[in-house]
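Engineer: fold the following for me, if possible:
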Amino acid sequence: MASDLKIDHREKAYTLLYAYADKIIKLIQVQMDHLTMPQCPLYEEVLDTQMFGLSRQIDFAVKLGLVDEKDGKELLNSVEKKLSALHEASMKKS
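Structural biologist: Got it, this is the predicted structure:
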């Protein structure tokens, strides 16, 4: 029973972290498409704030034993790569 509960919490933690990562990507995509250019301080502020928030949430989940540290780092790296690709695509459109 306790192991089932721990697995359930782990699954919820991963689901929430991946949803937050997806939200960041979508937020930046919308911002790049409609509002600001990547060189804009507002863009950088949103990106920095959101990525910091995600990294803190991952750290918290790792400390609770809900997320493997390697998985957390992979998630952050994945988001950074996707955001970099969005940035490059935006620069090509300009």
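Engineer: which parts of the helix ranked longest in the chain are buried?
Structural biologist: Secondary structure of the chain read by DSSP state H shows that its longest helix is helix 2-30. For helix 2-30, burial by neighbour count (16 or more other CB atoms under 10 Å) applies to 10, 13-14, 17, 20-21, 24-25, 28. C-beta here means a position set from N, CA and C on the backbone, and glycine is covered the same way.
Engineer: how distant is that helix from the center of its chain?
Structural biologist: On the basis of CA atoms, centre = their mean, to the nearest Å, helix 2-30 sits 10 Å off its chain's mean C-alpha point.
Engineer: could you say what helices and strands that helix packs with?
Structural biologist: Under the contact definition 3 or more CB pairs under 8 Å, 6 or more residues apart in numbering; DSSP states H and E, helix 2-30 sits against helix 41-63, helix 69-93.
Engineer: quick one: the shortest one to helix 69-93, angle?
Structural biologist: Same thing as helix 41-63. For the pair helix 41-63 and helix 69-93, the angle between their directions (axes from the mean of the first three to the mean of the last three CA atoms, to 10 degrees) equals 160 degrees.
Engineer: could you say what helices and strands helix 41-63 packs with?
Structural biologist: The contact analysis (3+ CB pairs under 8 Å, 6+ apart) places helix 41-63 against helix 2-30, helix 69-93.
Engineer: just put the helices and strands packed on helix 2-30 in a markdown table and tack on mean pLDDT, distance to Met32 and mean neighbour count.
Structural biologist: Compiled in a markdown table, the helices and strands packed on helix 2-30 are given as follows (pLDDT from 0 to 100; distance: least, CB to CB, whole Å; neighbours: other CB atoms under 10 Å):
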| stretch | mean pLDDT | distance to Met32 | mean neighbour count |
| --- | --- | --- | --- |
| helix 41-63 | 89 | 7 | 14 |
| helix 69-93 | 88 | 5 | 14 |
